[in-house]
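*Asks:* Provided below are the primary sequence and the corresponding predicted coordinates.
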Amino acid sequence: MSHPLDQRREFLFLYDIRMGNPNGDPDENRPRRLPDGTFYVTDVRLKRFVRDWLKTQGEAILVDQPENSAMNLTDRVQHFLASPPESVREECEKYKALWKALEEQAKKKPKKKKKQSKDSTGDSDSTPDDEPQTDTTGDEGGESSPADDSKDDPKKSEAGRQVVSIILKSFIDARLFGSSLAFKDWDVNPRPKTLTGAVQINMGEILHQAQEVDIAGTSTFSSKGKEENRTGTFTTFFGLRYGLIGFNGVANEHSAKLSGLTDDDYERFLKALWKSVSGAPTANTRSKKGQVPRLLVDVTYKPGSEFQFGCLLNYAKVLPKDKTESSIASPDDYTLDLTRLTERLSHPCVQRVRYALHPDIRHEPAALPWEPWDLDRMAAESGRA
């Protein structure tokens, strides 16, 4: 059985893209840009890569659309409960039996008369955040539902806790990133209502000035299957000439205790970071196919240290070679300066540092004082290991 994550962890992850769009905006699908001109990538984009790659490895994913069907969170959980895997089948059966008893109990309750609301404004802020906001008038016919007065019924609270337990045991992304359990059209009051993920990721940034490009093209097709009747349209694709993208994240051991995150879960997450930006189905697209993982630094802090830098991204600098930052087009055009990072990670609270590095990256200092981590198994394939 995997050991619960009980030490603070932190990571720095760098990957690049060439002639692609790492994260399009909602309007023109251009690369996202801050007011100062810095391009950025959302944590949501990176989490999607991670989820999609983990799914290819057989992991069950909460924020997902099985069989490409349109599903909200309620649909997703109900779909899972309908045919759970062996690992949580017994717990799911207990939940179903409990919920069936609650439904029978609700049917025996006398019908309630609808009451006029005292607050004609309908201000939802009048309900405390830690209380379930359910409709106490019941269903349309005035009958009670199993969720009515759930805060007063231990069985209903237990049902809510059981659903959360099943979710955390079943879905690795719930243990990693958490979720707001806002179920719609389903009388389940989860305990807790919001799952705080053990892993929190900062917004990613391009570590240098980058050049946005508009790539023009044409699209042609024949009408009615006749080759002689061909028509065409002009297309425009927005992307970056080149960008080295940096993300920083922290795994908190206290949150891990609540979400059930294990050491094995976190190891799978780190591997997913490295593999997903180029190998996830959502990375195998026209706008993302130029992505390559370049550096992953995994920091383990000493037990009980209660310390983290939280800003490892500040300690990686791009130093251009004989050209401006915006003219960078590949790793050959710069050196990655990790001098400050090596200095910071010599901190007495740091227990272990591992790093995976793409061979095309040139860096300073030339010899990194950390444990090499061959996530691509290049050494094994070349017969050196």
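*Replies:* Now that the structure is in, tell me what you want to look at.
*Asks:* okay, CA-based contacts and neighbour counts for the rest of this
*Replies:* Noted.
*Asks:* my guess is residue 33 contacts residue 40, does it?
*Replies:* Yes. The pair residue 33 and residue 40 qualifies as a contact (Cα atoms under 8 Å) at a distance of 5.9 Å.
*Asks:* For the two, indicate the residue with more neighbours.
*Replies:* When residue 33 and residue 40 are compared for neighbours, residue 40 comes out ahead with 22 against 16, by other Cα atoms under 10 Å.
*Asks:* what's the distance between the more buried one and residue 354?
*Replies:* Distance, residue 40 to residue 354, using Cα to Cα, to the nearest Å: 26 Å.
*Asks:* Below-threshold pLDDT in the stretch 1-150 of the chain: ranges please.
*Replies:* Across the stretch 1-150 of the chain, the ranges flagged by pLDDT under 70 are 1, 68, 70, 110-150.
*Asks:* need the helices for it, in chain order.
*Replies:* 43-56, 73-82, 86-108 (DSSP state H, counting those that start in this stretch).
*Asks:* May I see those helices arranged in a markdown table, with mean neighbour count and distance to residue 158 as well?
*Replies:* What follows is the helices of the stretch 1-150 of the chain, written out as a markdown table (neighbours: other Cα atoms under 10 Å; distance: least, Cα to Cα, whole Å):
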| stretch | mean neighbour count | distance to residue 158 |
| --- | --- | --- |
| helix 43-56 | 20 | 29 |
| helix 73-82 | 16 | 17 |
| helix 86-108 | 15 | 9 |
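*Asks:* Using the three-state scheme, assign residue 192.
*Replies:* What DSSP: H, G, I helix; E, B strand; the rest coil gives for residue 192 is coil.
*Asks:* contacting residues for it?
*Replies:* 160, 161, 164 (Cα atoms under 8 Å, 6 or more residues apart in numbering).
*Asks:* which of those residues are buried?
*Replies:* 160, 161, 164 (16 or more other Cα atoms under 10 Å).
*Asks:* taking the residues you listed one by one, which sit in helices?
*Replies:* Using DSSP state H, the members of the buried ones among the contacts of residue 192 that fall in helices are 160, 161, 164.
*Asks:* pLDDT check: weakest of the residues you listed?
*Replies:* Among these, residue 160 carries the lowest pLDDT, at 85.
*Asks:* Thought residue 194 was touching it, still the case?
*Replies:* No. Counting by Cα under 8 Å, residue 194 is not a contact partner of residue 160; they are 12.0 Å apart.
*Asks:* isn't residue 161 right up against residue 190?
*Replies:* Yes. With contact defined as Cα under 8 Å, residue 161 reaches residue 190; the gap is 5.9 Å.
*Asks:* picking that back up, as TSV, the contacts of residue 192 with distance to residue 276 would be great.
*Replies:* As requested, the contacts of residue 192 are exported to TSV (distance: Cα to Cα, whole Å):
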residue	distance to residue 276
160	33
161	32
164	27
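*Asks:* ok, those vs residue 343, which is closest?
*Replies:* The nearest member of those to residue 343, counting by Cα to Cα, is residue 164 at 42.1 Å.
*Asks:* before we move on, the earlier item: can you check which of the helices of the stretch 1-150 of the chain gets nearest to residue 310?
*Replies:* When those are compared by Cα to Cα, helix 43-56 sits nearest residue 310, at 15.0 Å.
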